[in-house]
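Student: here you go, sequence then predicted model.
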Amino acid sequence: MQAFWEVSLLELKPVIGLEIHCQLLTKTKLFCSCPTDYVGREPNSIVCPVCLGLPGSLPVLNKEALKLALRTALALNCEILSKTRFHRKNYFYPDLPKAYQISQYDIPLGINGYLELNGKRIGIRRVHMEEDAGKLVHPTKTGRIEGAEYSLVDFNRCGVPLIEIVTEPDLSSPEEAKTFVMELRSLVQHIGVSDGNMEEGSLRCDANISISVNGKRGVKTEIKNMNSFRAIERALAYEIKRQTEIILSGGEVVQETRHWDDSKGITTSLRGKEEAHDYRYFPEPDLLPLIIDRELVEEIRRTMPELPKDRRERWKRDYGLGDYEVSVLSSSKALGDLFDACVREIGKPKEVSNWLQVEFLRIADECKLRIEESYFVIPYLKEVIELLEKGVVNNQVAKSVFEEAVKTRREPLDIVKAKGLEQVSDETAIRDIVKSVLSENQDAVQSYLSGKEKAFNFLLGQVMRATKGKANPSVVRKVLEEELKSLS
């Protein structure tokens, strides 16, 4: 099925570039010693003169943040510049107490990198460091201040270290953009620089998008407030449709910044080009230019953790897993770590992969279970696989037993015994049940005998239902085929 923008006689192609902000996993802020674990804290409880920008306070660079930023730039195949410096990015907004943000402008840490995505290289224009701003809180009638017509400011997040990753405009569809951000999140998780939590704002994405008409780049718009992978895909799809309709109707796309409204599924204008910020960048006078030690860079390169692409290749090479399997397992570092731990304990990587991807992820989603806290499932999974291989339970029962074990923290064998779920493989007992089912479903029997193969699956399901799912499916199939053959 053709996408909307491919229908016109004109050659219309989306051109997408992303700007991604990623919070670094440091214990303290970028230029002071305040802690970075602001989530759940009382508002304005972890601030100091430096992150509040009080007169006379001086910033001191967090070396661990620099190392994590360099690790990211190297993992993204960037050229590391030998000298960098910080600038003041000046603008007034209530959540920015200094009225400027310490960032990097003309000389970032890394340039000219790339990230491979399904065999395609997406260019990375730059990777640079900056400090985060605070957060505006908008009370509503359902909030703690009823009917408030004002906003509150929480400065706890001020000064948390960020890296900004700017791509080249190499992405060509909403799906590709979403997949890129997912891959980037997996990368920063694997190398230990960020938890990549979009819901809590640890990973934030803006997009620049235009429509190329017959090879000529169009006017771009910027989209903000996309706080989930689904939102990224939906927002870009909407904006492509909106711009395409303007072009096809003979109008002109206006350069502007637009806000994604997830509840309405639309973008709305925030500000036009004439209202664009003039940030008046100038070098930060309280921080000297930074000379990047080449020995430090090489040490970070040597100690780089396993990257997602290398992990996928290892799983395919050592375990014979397919592209889709390794893609799902490496979608988050936590899931990949759990898979590796399961294989070390259980072996059987194929079986473990199937169980984790299908059953475990479903259960974890239902129970709001954090994967990082799910290592207790390993012995349960090992026991369920053993029960299945020994023929104690069939596949259907094994799934329900595993689910109950995870939810109740009970041993799988105890659940099987307590509920009498042992698999029935006795051929004589199964044959009696098969005959009874055939006697009660003569219409289905006649349908099968007249050549309708679907009737066989219906009868098979009735036998399994009569045995409450405990019968050995292979024995049931064999006996059912024999009994039907005797009636033909």
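Tutor: Structure's in. What do you need? Residues are numbered from 1 along each chain as shown.

Student: can we go C-alpha only for contacts and neighbour counts from here?
Tutor: Noted.

Student: what about stretch 351-367, start to end distance?
Tutor: Stretch 351-367 has an end-to-end distance of 23 Å (Cα to Cα, to the nearest Å).

Student: begin at 112 from here
Tutor: Let's use 112 as the start, then, which means that last one is stretch 462-478.

Student: may I see the buried residues of that stretch?
Tutor: V463, S464, W466, L467, F471, I474, A475 (16 or more other Cα atoms under 10 Å).

Student: for stretch 351-367, same thing?
Tutor: I351, K352, Q354, T355, I358, V364, Q366, E367.

Student: hang on, the first one packs against K124?
Tutor: No - assessed by Cα atoms under 8 Å, I351 is found out of contact with K124, at 9.1 Å.

Student: and the longest helix for the protein?
Tutor: When the chain is parsed with DSSP state H, its longest helix is helix 340-359.

Student: starting at the chain centroid, how far to it?
Tutor: 21 Å (Cα atoms, centre = their mean, to the nearest Å).

Student: run through who's touching it.
Tutor: 115-116, 119, 123, 125, 284-286, 288-289, 292-293, 320-322, 334, 337, 363-364, 371, 373, 376-378 (Cα atoms under 8 Å, 6 or more residues apart in numbering).

Student: mind giving me the domain ranges of the chain?
Tutor: 115-407, 415-530, 538-598 (automatic domain parsing).

Student: let's have those domains in TSV, adding mean pLDDT.
Tutor: What follows is the domains of the chain, written out as TSV (pLDDT from 0 to 100):
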stretch	mean pLDDT
domain 115-407	91
domain 415-530	95
domain 538-598	84
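
Student: quick one: the strands in the stretch 262-411 of the chain?
Tutor: Remark: strands assigned in the stretch 262-411 of the chain by DSSP state E, counting those that start in this stretch are 263-265, 272-278, 314-324, 332-337, 367-372, 377-383, 393-394, 401-402.

Student: tell me the most buried of those?
Tutor: strand 272-278 (a mean of 25; mean count of other Cα atoms under 10 Å).

Student: dump the residue contacts of E287.
Tutor: E287 neighbours (Cα under 8 Å, 6+ apart): none.

Student: one more time with 10 Å, if that's ok
Tutor: I127, L228, N229, D281, M293, E344 (Cα atoms under 10 Å, 6 or more residues apart in numbering).

Student: in the sheet, which residues pair with the spatially closest residue to the fourth one that is not a sequence neighbour? Tell me.
Tutor: To tie it back to what came earlier, the one meant is D281. The shortest distance from D281 to any non-neighbouring residue, by Cα to Cα, 6 or more residues apart in numbering, is to I233 (5.7 Å). I233 has the following beta-bridge partners by DSSP bridges: L226.

Student: for I233, grab the count of nearby residues.
Tutor: Counted with other Cα atoms under 10 Å, the neighbours of I233 add up to 18.

Student: and it, how far from R542?
Tutor: Note on I233: its distance to R542, by Cα to Cα, is 61 Å.

Student: ok, the closest residue to V504 other than its chain neighbours - contacts?
Tutor: Nearest non-adjacent residue to V504, counting by Cα to Cα, 6+ apart: Q534, 4.6 Å away. If a contact means Cα under 10 Å, 6+ apart, then Q534 has 498-499, 502-506, 508, 527, 578, 580-584 as its contacts.

Student: again with K459
Tutor: Y430, C453, K493, I496.

Student: likewise for T519?
Tutor: Counting by Cα under 10 Å, 6+ apart, T519 has contacts F513, I526.

Student: now it: phi and psi?
Tutor: The phi/psi pair for T519 (degrees, to the nearest 10) reads phi -110, psi -10.

Student: any figure for the gap between it and Y491?
Tutor: 11 Å.

Student: shared neighbours, these two?
Tutor: Residues touching both T519 and Y491 (Cα under 10 Å, 6+ apart) are F513.

Student: SS state for the nearest residue to C189 once chain neighbours are set aside?
Tutor: Spatially, and ignoring its direct neighbours in sequence, C189 is nearest to G224 (3.8 Å; Cα to Cα, 6+ apart). Here G224 is recorded as strand under DSSP: H, G, I helix; E, B strand; the rest coil.

Student: quick one: contacts for G224?
Tutor: 184-191, 232-238, 277-279.

Student: pretty sure G458 is touching K493, no?
Tutor: Yes - look at G458 against K493 with Cα atoms under 10 Å: they come within range, at 9.1 Å.

Student: follow-up on the earlier one: show me which pair in the contacts of Q534 is furthest apart.
Tutor: Distance extremes for the contacts of Q534: the farthest pair is L498 and T578 at 18.7 Å, using Cα to Cα.

Student: tally of neighbours for Y261?
Tutor: 10.

Student: contacting residues around the nearest residue to P394 once chain neighbours are set aside?
Tutor: The shortest distance from P394 to any non-neighbouring residue, by Cα to Cα, 6+ apart, is to H198 (4.2 Å). By Cα under 10 Å, 6+ apart, H198 lies in contact with 211-218, 241, 391-398, 400.

Student: mind checking which of those residues are buried?
Tutor: Y211, Q212, I213, S214, Q215, Y216, I218, E241, Y392, P394, E395.

Student: thinking again about what came up before, by neighbours, which of the contacts of Q534 wins?
Tutor: The most crowded member of the contacts of Q534, judged by other Cα under 10 Å, is V504 (27 neighbours).

Student: ok so, going back, would JSON lines of the contacts of K459 with neighbour count and secondary structure be doable?
Tutor: Formatted as JSON lines, those follow (neighbours: other Cα atoms under 10 Å; DSSP: H, G, I helix; E, B strand; the rest coil):
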{"residue": "Y430", "neighbour count": "15", "secondary structure": "helix"}
{"residue": "C453", "neighbour count": "22", "secondary structure": "helix"}
{"residue": "K493", "neighbour count": "19", "secondary structure": "helix"}
{"residue": "I496", "neighbour count": "22", "secondary structure": "helix"}
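
Student: nearest to A180 among those?
Tutor: C453 (31.5 Å).

Student: just checking, P394 touches P400?
Tutor: Yes - counting by Cα under 10 Å, P394 touches P400, with 8.9 Å between them.

Student: intersection of neighbour lists for those two?
Tutor: In contact with both P394 and P400: R196, F197, H198, using Cα under 10 Å, 6+ apart.

Student: ok, A577 to V535 distance?
Tutor: For A577, the distance to V535 - Cα to Cα - is 12 Å.

Student: and the two? Which one has more around it.
Tutor: V535 (20 against 16).

Student: contact partners for the more buried one?
Tutor: 502-505, 541, 578, 580-584, 586-587.

Student: mind checking pLDDT for it?
Tutor: Predicted confidence (pLDDT) for V535: 71.

Student: next, it: phi, psi?
Tutor: Main-chain torsions, V535, degrees, to the nearest 10: phi -100, psi 120.

Student: nearest residue to it in space, please, no chain neighbours.
Tutor: Counting by Cα to Cα, 6+ apart, the residue nearest V535 is A582, at 4.5 Å.

Student: V590 is in contact with the one you found, correct?
Tutor: No - using Cα under 10 Å, A582 makes no contact with V590, being 11.5 Å away.

Student: so which residues of the stretch 412-561 of the chain form helices?
Tutor: Counting by DSSP state H, counting those that start in this stretch, the stretch 412-561 of the chain has helices at residues 419-430, 434-440, 444-457, 460-465, 472-478, 488-500, 506-519, 523-530, 538-551, 553-560.

Student: elements contacting the fourth one?
Tutor: Identification of packing neighbours for helix 460-465 by 3 or more Cα pairs under 10 Å, 6 or more residues apart in numbering; DSSP states H and E yields helix 419-430, helix 434-440, helix 444-457, helix 488-500.
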